[in-house]
Structures are given as C-alpha cells and as structure tokens.
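> would you be able to build a 3D model of this:
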Amino acid sequence: MSYQRKHNPMRRCLIAVIFTTVAFSLAGCAHQSTNTPLYQRLGGEATIDAVVENLLYRIADDPEVVVFFANTNIDLFAESLASQLCDVSDGPCRYEGPPMDRAHQHMGLTDGHFNRLVEHLDAAMQEEGIALGARNELLGRLAPMYADIMRLQ
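Purely as a prediction, here's the structure:
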C-alpha cells in the first residue's frame with residue numbers, strides 16, 4: 001500500500017465519519033433501552049406472572065421461609081405480588097394491597113429471611129430470562145420497602 005493511500009486525508013475523514021456514526025448509533029441503542037419502561041423490560045404481565053409463580057415454587061421448597069406463608073391464601077398473595085411488581089415497574093397495574101408494615105407485622109422476619117426472599121426473587125427473574133439491568137432496577141425499586149417490611153421506624 002502506498003504512503004499516499006495510507007495517509008490520504010479524505011480516507012481519514014471517511015473513517016472518522018464512519019466511527020462517529022457507529023458511536024452515535026450505539027449510544028442511541030443504549031439510550032433507547034433506558035427509555036423503555038421497566039415494565040416492558042421485565043417482559044410485561046406474562047413474565048411478571050411467571051416470575052411470581054417461579055418465586056412461589058422456590059418459597060415452597062425453602063423450609064426457612066415457607067413457614068411464613070402457612071396461613072396465607074397463596075392465590076391472593078400471588079395476585080397481590082404480581083400487581084405490586086407491575087405497579088413498582090411503571091406498568092398499568094395499581095397495587096391496592098395492605099401497606100408493607102401492616103402486611104408483615106408480627107412475622108418476626110430476620111435479615112436472613114428477607115435476604116433469602118430477595119435471592120429467590122432474583123433467581124426466579126433470571127430463570128424467566130430477565131436481563132441483569134432490569135432485575136437490578138426492580139430490586140432497587142423494591143429496596144426502600146425494607147424498612148416497612150422489617151418494621152424499622
């Protein structure tokens with residue numbers, strides 16, 4: 001390759017234009033995903049329902065946490081949790097269940113129980129194919145409920 005072709009100013013300009021176009025395209029893709037509502041990134045109603053069902057199976061198989069659901073109407077709980085996850089993720093649902101402090105009063109939950117449920121929820125979301133960013137965002141939106149669930153004042 002000749003020196004003239006290698007160091008051609010027009011070629012450098014063309015490469016710069018291509019590089020800039022690709023960079024802006026990639027930035028646009030990244031920006032677009034953050035503009036997509038979390039509810040959609042979670043997969044909408046069908047995936048949220050699947051996550052809740054998956055979570056319930058995990059809870060049922062965990063002797064340390066299943067005891068907290070012994071006197072719970074599981075169908076009502078599943079519906080309420082799905083509604084809450086939909087609401088928290090900016091979906092079309094509105095959670096109308098009890099406040100978290102009232103729902104968890106007298107349960108005697110420890111940080112270990114709480115963390116175990118968070119682990120089960122994350123594992124259920126992973127198994128349902130939810131991307132890491134969406135999982136982290138949902139968990140981040142749920143995190144402020146910790147004080148009410150654990151009854152910290």
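> so where does Ala50 fall, helix or strand?
For Ala50, the element it lies in under DSSP states H and E is helix 44-60.
> residues touching that helix, excluding its own?
Defining contact as Cβ atoms under 8 Å, 6 or more residues apart in numbering, one finds that helix 44-60 is touched by 39, 42-43, 65-66, 69, 74, 77-78, 81-82, 85-86, 89, 91, 117, 120-121, 123-125, 127-130. Heads up, the C-betas are built off the backbone N, CA and C, glycines and all.
> what's the ChimeraX line that selects buried ones from these?
Selection of the buried residues among the contacts of helix 44-60 in ChimeraX, burial being defined by 16 or more other Cβ atoms under 10 Å:
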select :39,42,43,65,77,78,81,82,85,86,89,91,117,120,121,124,125,128,130
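> restricted to helices, list the contacts of helix 44-60.
Where these overlap with helices, as defined by DSSP state H, the overlap consists of 39, 42, 65-66, 74, 77-78, 81-82, 85-86, 117, 120-121, 123-125, 127.
> wait, doesn't Val88 sit right on Ala143?
No: counting by Cβ atoms under 8 Å, no contact exists between Val88 and Ala143, whose distance comes to 10.6 Å.
> who's more crowded, those two?
Using other Cβ atoms under 10 Å as the criterion, Val88 and Ala143 rank with Val88 on top: 19 against 10.
> in contact with that one, which residues are there?
With contacts defined as Cβ under 8 Å, 6+ apart, the neighbours of Val88 are Tyr95, Leu138, Arg141, Leu142.
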